[in-house]
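**Q** the following block contains a protein sequence and its predicted model.
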Amino acid sequence: QVQLEESGGGLVQTGDSLRLSCAASGRTDLLNAMGWFRQAPGKEREFVAAILWNRNGIRTNYFDSLMGRFTISRANAKNTVYLQMNSLQLDDTAVYYCAGRGYSGSLDKPNDYQYWGQGTQVTVSA
């Protein structure tokens, strides 16, 4: 099994930056992709970004409207994935979840991920 633990959330103001971390432990060799999703109150969980790695290299994928403000990266030696969030806006407020998967599938569908962290709250205030 794989355990995921997010950190780095907090209260920031509009325009600020924040970096979230997701540390994977356990059978990390089972993973071939990790992603970030978020869920605001009263809304469905939505895709933010994902990173896939294999023998051919690394590929990243973003929700269209977040590209350019958010960047996902991976420190494989630390089994950690990061989400750098810049120019934060009020509607970025949500619980951010880290997810991991070990088989092929889409990168932007929550159901295609097997492992989930507990989430970290990001609150953006005016």
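**A** Done, it's in.
**Q** is residue 33 in contact with residue 107, as I believe?
**A** Yes - using CB atoms under 8 Å, residue 33 is in contact with residue 107, at 6.1 Å. All C-beta spots, glycine's among them, are computed from the backbone N, C-alpha and C.
**Q** quick one: which of those two has more around it?
**A** residue 33 (24 against 20; other CB atoms under 10 Å).
**Q** now the more buried one: how far from residue 45?
**A** 17 Å (CB to CB, to the nearest Å).
**Q** picking up where we left off before, what residues do residue 33 and residue 107 have in common as contacts?
**A** Shared contacts of residue 33 and residue 107 (CB atoms under 8 Å, 6 or more residues apart in numbering): 50, 52.
**Q** for the residue nearest to the spatial centre of the chain, phi and psi?
**A** By CA atoms, centre = their mean, the mean C-alpha position of the chain lies nearest to residue 36, the distance being 2.0 Å. For residue 36, the backbone dihedrals (degrees, to the nearest 10) come out as phi -120, psi 130.
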